[in-house]
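Colleague: Build me a structure from this.
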Amino acid sequence: MDHLDFYQQTTMPHLRSRTEKNFEIPKQIGPYKIDGLLHKGALSLCFIGTHQDTKQLLAIKVLSPQLISHPEMVDQFLEESKIISLADHPNIVKLYGQGEWENGLYIAMEFIQGISLRQFIVGQSLSLKRSLDLILQVSYALLHLHTHGVIHRDLKPENILITENGKIKVIDFGIAQVLDETKTQSKGPGGLIGTPSYMSPEQKKDPLKVTFNTDIFSLGIITYELILGKLSFGNIQTDLLPKNFRPIIEKALEKDPKNRYLDIVDFITDVSNYIKSKDIDEDRSGKDELKEIWEEFDEQHKALLPPTLPNWPEIELGLGRSKGTYLFGTYYDFFRFPDNSMALILAESPTTSISSITPIATLRGVIRSLLYTYLFPQDNNEFDSSKFALKLNEIFYNEPHPQDEALTILHLNPLSNTFSFISSGFESLWHLSHRGGHARLLKNASPFLGNEPHVEFFPTIDNWNPGDLIAIHSFNSPSMSDDDRTHIEDLTLQHIEDNHSLSAAPLAESLLLTLKENSPSLNEQNQKLVFTISRIT
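Modeller: Numbers count the residues shown, from 1 in each chain. Below you'll find the model as predicted:
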């Protein structure tokens, strides 16, 4: 085995062929309805599912059926659930349940909508300051684990997720160990347990006899890769790092654990002091400062959007959004009125540049001001999407910046079992009845917002019954050719019909992925959103 092959091995390479290839996706595991397969590993399979009572979306991990008769693997699987239950921390995946099902054992965990740190490393998209902020979040997760006697032993970029609000979640405790706990564990070739690129020298030598600072070594490698924007594969050259930060990483990567950081608290202290000092200003490049500007605008834009999806008892709401991109030209919001009707508003600027934040922020302010009279009505002032769009257009027309905002207003009324929508730019909505049959494409070609001062907006209205499914998205851009638009519309219809049994959240994610893979002329920086709304029966 050559040098690079060694560092590209999996966590437990001796088990890489143990996964069952033709595993049938179950419909139910314990109290959870299974929507699909998330990941297939050497030891386990991970599904996405929903709790039948709470409708909460969760990740359901099961021990591979091939290993259920292997006592050592069963013990290791149970140990993972025990360790996760010890770790109640905002930067660590949460445990929601565990138990037995007809094919073995399962662990129900928090489903995290985010992307792995590996993608940020490869994308070279983070500034030095932002990179260190993420590393500190990982450090706090390690501090919590170490305080409870847990050594992760497989800390790597793939096991660190960044959520849509920029928070870190450490996952995968499949080979974690409680310090001083006596147990046996299978090892791979040469006694290997872990991922070679991120393993300390002592873990490679004997993975069963490591201490907390083996995790610090792994974190040092991750920090090195994140700052440089490339994977190391065991090739570490600290002279490539910013000069003033270099000593911190060199100490974290000491081969002799006695010379390394002995406690994660000391690593946290040094990194925090570096961020607060003038040293970081000396180490920043002009390119790094530009990244910081984009990150600051990204935070400002996120503040314009709802932090979470609303929890409305009448519906299940799913949101799929492009990961790892700046969505500067996008705005969406949710409103519930006193008559228990609900509105979803989606808007998009013609450009994704930083300059689009101004019209989007203006639009948000105007929308919320106009909706105030409907949210707190007098004289039975019920929401009327036509009058609302007319007034919004008149106000926005007089704004001094470029216009051409695409807009959709979806109004859901469970009392009358109807919905209506007005759309300028996006134009299309997909509706699948609870009675089955084919999904229907509904259109509403209203004028663009702010183009003309006095125009009428006429909604498209349809029945909306318990069990019905609605989908809207921003892939059908007004700049598309007719053929491309038809292709996207047909693709959406087919995907909804083929996957209508999924819950709203996984359906939105799967539809987003399908459309991204098949959309003509779509680059990675295009902001795209998919909403799915299932009315609860």
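Colleague: The helix or strand containing residue 83: which residues count as buried?
Modeller: Taking DSSP states H and E as the criterion, the element that holds residue 83 is helix 71-86. Of the residues in helix 71-86, 73, 76-77, 79-84, 86 count as buried by neighbour count, 16 or more other CB atoms under 10 Å. Any C-beta I mention is one placed from the backbone N, CA and C, and that applies to glycine too.
Colleague: Please apply the same query to stretch 160-171.
Modeller: Buried, per 16+ other CB under 10 Å, within stretch 160-171: 160-162, 164, 168-171.
Colleague: what's the answer for stretch 283-291, then?
Modeller: 283-284, 288, 291.
Colleague: and that stretch, what's its mean pLDDT?
Modeller: Average pLDDT, stretch 283-291: 80.
Colleague: tally of neighbours for residue 446?
Modeller: For residue 446, the count of nearby residues is 24 (other CB atoms under 10 Å).
Colleague: Residue ranges of each domain in this protein, please.
Modeller: 3-110, 114-291, 304-535 (automatic domain parsing).
Colleague: Quick one: distance of the first one to the chain centre.
Modeller: Put plainly, it is domain 3-110. 19 Å (CA atoms, centre = their mean, to the nearest Å).
Colleague: list the contacts for the residue nearest the centre of the chain?
Modeller: Note on the chain: the residue nearest the mean C-alpha position is residue 114, at 2.1 Å, using CA atoms, centre = their mean. Contacts for residue 114 were tallied using CB atoms under 8 Å, 6 or more residues apart in numbering; they are 161-164, 169, 323.
Colleague: Among these, which one lies nearest to residue 197?
Modeller: Of all the contacts of residue 114, residue 197 sits closest to residue 161, with 18.4 Å by CB to CB.
Colleague: The contacts of residue 114 in strands, which ones?
Modeller: Among the contacts of residue 114, the members falling in strands (DSSP state E) are 161-163, 169.
Colleague: export these to a markdown table and tack on pLDDT and distance to residue 152?
Modeller: Output for those, formatted as a markdown table (pLDDT from 0 to 100; distance: CB to CB, whole Å):
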| residue | pLDDT | distance to residue 152 |
| --- | --- | --- |
| 161 | 93 | 14 |
| 162 | 91 | 17 |
| 163 | 87 | 19 |
| 169 | 94 | 13 |
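Colleague: of these, closest to residue 455?
Modeller: For these, the nearest to residue 455 is residue 163 (40.1 Å; CB to CB).
Colleague: For the closest one, name its beta-bridge partners.
Modeller: Using DSSP bridges, the bridge partners assigned to residue 163 are residue 114.
Colleague: wait, doesn't it sit right on residue 111?
Modeller: No: in this structure residue 163 lies outside contact range of residue 111 using CB atoms under 8 Å: 10.9 Å.
Colleague: Tell me which stretches of the stretch 201-350 of the chain form helices.
Modeller: With DSSP state H, counting those that start in this stretch as the criterion, the stretch 201-350 of the chain has helices at 201-205, 213-228, 246-252, 264-276, 279-283, 286-302.
Colleague: and these as CSV, adding distance to residue 59?
Modeller: Listed next are the helices of the stretch 201-350 of the chain as CSV, based on distance: least, CB to CB, whole Å:
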stretch, distance to residue 59
helix 201-205, 27
helix 213-228, 22
helix 246-252, 30
helix 264-276, 26
helix 279-283, 36
helix 286-302, 24
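Colleague: which of those helices is buried the deepest?
Modeller: A comparison of these by mean neighbour count, using mean count of other CB atoms under 10 Å, puts helix 213-228 on top with a mean of 25.
Colleague: mind exporting it as CSV, just the C-alpha atoms?
Modeller: C-alpha atoms of helix 213-228 as CSV (Å, rounded to 0.1, in the frame of the first residue of the first chain):
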residue,chain,number,x,y,z
ASN,A,213,-5.4,14.8,23.0
THR,A,214,-5.6,12.4,20.1
ASP,A,215,-8.8,14.4,19.3
ILE,A,216,-6.7,17.6,19.5
PHE,A,217,-4.3,16.2,16.9
SER,A,218,-7.2,15.4,14.6
LEU,A,219,-8.6,18.9,15.1
GLY,A,220,-5.1,20.3,14.3
ILE,A,221,-5.2,18.6,10.9
ILE,A,222,-8.7,19.8,10.2
THR,A,223,-7.7,23.4,11.1
TYR,A,224,-4.7,23.2,8.8
GLU,A,225,-6.8,22.0,5.9
LEU,A,226,-9.6,24.6,6.5
ILE,A,227,-7.1,27.5,6.6
LEU,A,228,-5.3,26.4,3.5
